[in-house]
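Peer 1: I'll drop the sequence and a predicted model, then ask my questions.
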Amino acid sequence: MYAVIEGGNVPSGRVHVSGAKNSATRLLAAALLTEDHVELHNFPTSLVDAQHKVRFVQSMGANVNVDSEVQTVAVNTPDLDAAKLESARYDVPIRTTYLLAAPQLARSGRARIPYPAGCKIGGGAGGGRGYDLHVMVWEAMGCTVSETPGYIEISAPRKGMRGGSIDFPISTVGGTENALLCAAVASGTTTIYNAYITPEIDDLIELLRRMGADVVAAGNSHIVVTGSTGLLSGAHMNVMADRIEALTWIVYALISGGDLLIKNVPFNAMQVPLIHLEHAGVDLMKSSDSLYVGPESLKSGSIQPFEVACGTHPGVISDMQPFFAMLGLRSAGTSRIFDYRYPERIGFARELAKFLPAGALEARPGAITTRGPQQFKSAEADSTDLRGSMSVLMAALCADGVSQVNNVELALRGYDRLEDKLAKVGASLNVHPDPVRELSRTGASSV
Ligand SMILES: CC(=O)N[C@H]1[C@@H](OP(=O)(O)OP(=O)(O)OC[C@H]2O[C@@H](n3ccc(=O)[nH]c3=O)[C@H](O)[C@@H]2O)O[C@H](CO)[C@@H](O)[C@@H]1O
Ligand SMILES: C=C(OP(=O)(O)O)C(=O)O
């Protein structure tokens, strides 16, 4: 898919932040830990990642009723059959396939999952995003893991998964989620040391508790789960608002000179990023769940240069790094953005540079330097990863003239109803299927 963007329109109006991708997709996996009815509200039904995840679980036999009007999914899973999950049909960049293991293991003692993919942002041993910590989780629960072409296969002991002790060598979002799901349906107690409790993981813990799981979290890094003897029960839950989407709209309003009333902002989940904005001279007008950004938000009339380091929550997370780079490009001087967590996450800078004069943006592993204030010019660029793709779209929206951004499905993995939301605030972005895929007679669907 590619997007054609008519840049230069100044956005104005009201925008509603959707349910968070990084919560919704794991709540959907947790919903398979019961045969009862689970209902998830504020679910971002148009998010490409969520749609893939729904298709994944449907093909394993779950009944998922998606109501896009009210942004709700209802899940009923009397049975699961992993054999129906053919990885060739699901060759999409989904990271969280590992979360589909626990529900299968709880029901049949065996699981089969496609290898985890996700954005190519480096990080693990060998440059890719590793899955060794997931293998560590399954083994700690007494399982045997084998890697076959196309799939990871996991077998539980004869009497089912048993609780264990897991000590993560690094803070891991996915590892903590996987450990929580497995521990909730294993026998006995599981202790997770150096767990990483992000706001989205708080959401997961809340749903598991509502489903009857016994999860005790001490501080931000120690979790004890007393497993249930069987499957869990049904529950209802609201997916938290997406903190990365909220930041995206704030930055877009600031760098475009627009004025946006941003509704459904998860303030508690983004305190430190908001403090960094204040340090860059931005005065945000807040109410209980909304935020107004307009030209008067810039106290001195311009964004002040800043330095920010991306690491673990509650700090600025790596997914926010490209948006701080966008802010830096419009700031009155030199800004520096460091990323200790995913230092290789700089591929997007090469594409973003196409919208800028030479020397405005420098990137080396772990460090981006911007020299502002810059105006963006129209260009054609590729998408390298989800957040990088969104930052390039933002540059195109701010540039005068028409731009094209290719592989825009990467941005749509994380932004629910993006075209509609932009249209409502007067910005113009049109997504088109790739011409090659359009001509295809094989029936292969585009992502
Ligand atoms: C779907 C989701 O929520 N994705 C988020 C999650 O990714 P994800 O869950 O993949 O990230 P983790 O927190 O697990 O990764 C932390 C680090 O550990 C490495 N690692 C992870 C697992 C493993 O088995 N082996 C291994 O080496 C990763 O490559 C990375 O360097 O957190 C990242 C930031 O932390 C975010 O950018 C992603 O948006
Ligand atoms: C990298 C991201 O997601 P994933 O882990 O799903 O690839 C992201 O949300 O920016």
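Peer 2: Arrived safely. These figures come from a predicted structure and were not determined experimentally. Ligands and ions are numbered 1, 2, ... in the order given.
Peer 1: the helix or strand where residue 73 lies pairs with which strands, parallel or anti?
Peer 2: Using DSSP states H and E, residue 73 maps to strand 72-76. Here strand 72-76 is paired, per DSSP bridges, with strand 37-41 (antiparallel), strand 63-67 (antiparallel).
Peer 1: could I get these as CSV with mean neighbour count?
Peer 2: Bear in mind the C-beta positions are built from the backbone N, C-alpha and C, glycine included. CSV is the format used below for the strands paired with strand 72-76 (neighbours: other C-beta atoms under 10 Å):
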stretch, mean neighbour count
strand 37-41, 20
strand 63-67, 15
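Peer 1: burial measure for the closest residue to residue 359 other than its chain neighbours, as a count.
Peer 2: Distance criterion C-beta to C-beta, 6 or more residues apart in numbering; nearest residue to residue 359, sequence neighbours excluded, is residue 371 at 6.4 Å. If you count neighbours by other C-beta atoms under 10 Å, residue 371 ends up with 18.
Peer 1: okay, and the beta partners of residue 371?
Peer 2: Partner residues in beta bridges with residue 371, using DSSP bridges, are residue 334.
Peer 1: again with residue 362
Peer 2: For residue 362, the beta-bridge partners under DSSP bridges are residue 369.
Peer 1: output stretch 276-284 as PDB, restricted to C-alpha atoms.
Peer 2: Included here for stretch 276-284 are C-alpha records, laid out as PDB according to Å, rounded to 0.1, in the frame of the first residue of the first chain:
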ATOM      1  CA  HIS A 276      10.000  16.700  28.100                       C
ATOM      2  CA  LEU A 277       7.600  18.600  26.000                       C
ATOM      3  CA  GLU A 278       7.300  21.200  28.800                       C
ATOM      4  CA  HIS A 279      11.100  21.500  28.800                       C
ATOM      5  CA  ALA A 280      11.000  22.200  25.100                       C
ATOM      6  CA  GLY A 281       8.800  25.200  25.900                       C
ATOM      7  CA  VAL A 282       5.400  23.700  25.200                       C
ATOM      8  CA  ASP A 283       2.600  24.700  27.500                       C
ATOM      9  CA  LEU A 284      -0.200  22.100  27.200                       C
END
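Peer 1: so for that stretch, what gets flagged as buried?
Peer 2: For stretch 276-284, the neighbour count (16 or more other C-beta atoms under 10 Å) marks 276-277, 280-282, 284 as buried.
Peer 1: now swap in stretch 64-80 and tell me
Peer 2: Within stretch 64-80, the residues scored as buried using 16+ other C-beta under 10 Å are 64, 66, 71-77, 80.
Peer 1: next: stretch 220-237.
Peer 2: Buried residues in stretch 220-237, counting neighbours by 16+ other C-beta under 10 Å, are found at 220, 223-228, 231-232, 234-235, 237.
Peer 1: pretty sure residue 201 is touching residue 174, no?
Peer 2: No. Using C-beta atoms under 8 Å, residue 201 is not in contact with residue 174, being 10.0 Å away.
Peer 1: any shared contact partners between these two?
Peer 2: Both residue 201 and residue 174 lack any common contacting residue under the criterion C-beta atoms under 8 Å, 6 or more residues apart in numbering.
Peer 1: just to revisit the earlier point, which of the buried residues of stretch 276-284 sits closest to ligand 1?
Peer 2: Distance to ligand 1 across the buried residues of stretch 276-284 (C-beta to the nearest ligand atom) is lowest for residue 276, with 17.3 Å.
Peer 1: checking residue 431 next. Helix, strand or coil?
Peer 2: Under DSSP: H, G, I helix; E, B strand; the rest coil, residue 431 falls in the strand class.
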